[in-house]
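**Student:** Sequence first, predicted model second:
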Amino acid sequence: MTRQSKRQKAMAEIDREKFYGVNEAIGIVKGNATAKFDETVEVALNLGVDPRHSDQMVRGVVNLPKGSGKTVRVAVFAKGDKAEEAKKAGADVVGAEDLMETVQGGQIDFDRVIATPDMMGVVGRLGKVLGPKGLMPNPKLGTVTMDVAKAVTDAKGGQVEFRVEKAGIVQAGIGKASFTEEDLQANFRAFMDAIHKARPSGAKGKFIHKVSVSSTMGPGVKIDLEEVSGA
């Protein structure tokens, strides 16, 4: 059976009008992840916010208890002892002005950027490069910190950043299809808990409008909102 026909079969088996319980939905997604690679299991939400207004921005990080299954390359802007701490913690790229020049030259081979506060003057010059890619360090996300070792460990150990995009949509990976259903369920609930805690002051009325889970190549499965409204 071809990949396309497998997807069509999976879509035919899913009731597009039904809202599934979290555990059942994750089981369906995992069962239909039949690609030749280890698909990512993703969550997509529609929130009742307008991110064009600063008091309705939803952004944060969550440490997935069962890990993300993703290899994260981390760059750290630091000097001296802090640079050594970052290297010992497993940072892939560590530097200061030299790293800034590398990035300015178009070489960006990392997924997360961490910086010590004293390096933000250097990192700030990269705003037009790192900003559009969502890579600018941010104190609220724990990526501007003196504790670079913990930040590197968290980034590589299953920490996932999330940010609301246009139309109030948030998307994030919560693991791999090879994870057990129990591990995916634990990660899902941790992610939803983080979303609730990140509810902005400007969000009025119903906060979560839609939630669905899917795998990289699979169809989306809608989640019963009653199960996640009080996460």
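**Tutor:** Perfect, I can see it now.
**Student:** next helix or strand past the helix or strand hosting Gln185?
**Tutor:** Assigned by DSSP states H and E, Gln185 belongs to helix 181-197. Using DSSP H and E, the helix or strand that follows helix 181-197 towards the C-terminus is strand 208-215.
**Student:** outside of that next one, which residues touch it?
**Tutor:** With Cβ atoms under 8 Å, 6 or more residues apart in numbering as the test, strand 208-215 has contacts from 25-26, 29-30, 32-33, 35, 39-48, 168, 174, 177, 188, 192, 195, 220-223, 225, 228-229. Backbone N, C-alpha and C define where each C-beta goes, glycine included.
**Student:** Please name the strands paired to the very next helix or strand once past that strand in the sheet, noting orientation.
**Tutor:** Next along the chain after strand 208-215, taking DSSP H and E as the criterion, comes strand 221-222. Note on strand 221-222: by DSSP bridges, its sheet partners are strand 208-215 (antiparallel).
**Student:** and the strand it pairs with, average pLDDT?
**Tutor:** Regarding strand 208-215, the rounded mean pLDDT is 96.
**Student:** With stretch 67-75 instead?
**Tutor:** Taken as a whole, stretch 67-75 has an average pLDDT of 94.
**Student:** Could you export it as CSV, CA atoms only?
**Tutor:** This file holds the C-alpha atoms of stretch 67-75, laid out as CSV (Å, rounded to 0.1, in the frame of the first residue of the first chain):
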residue,chain,number,x,y,z
GLY,A,67,11.4,14.2,26.4
SER,A,68,10.7,15.5,22.9
GLY,A,69,12.6,12.8,21.0
LYS,A,70,14.2,15.6,19.0
THR,A,71,17.9,16.3,18.8
VAL,A,72,18.3,20.0,19.6
ARG,A,73,21.4,21.8,18.7
VAL,A,74,22.1,24.6,21.2
ALA,A,75,24.2,27.8,20.7
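**Student:** what comes up buried for that stretch?
**Tutor:** Buried residues in stretch 67-75, counted by 16 or more other Cβ atoms under 10 Å: Gly67, Ser68, Gly69, Val72, Val74, Ala75.
**Student:** where exactly do the strands run in the chain?
**Tutor:** 40-47, 59-63, 74-77, 93-95, 112-115, 159-163, 169-176, 208-215, 221-222 (DSSP state E).
**Student:** Now Ala198: closest residue in space that isn't a chain neighbour?
**Tutor:** The shortest distance from Ala198 to any non-neighbouring residue, by Cβ to Cβ, 6 or more residues apart in numbering, is to Gly60 (4.2 Å).
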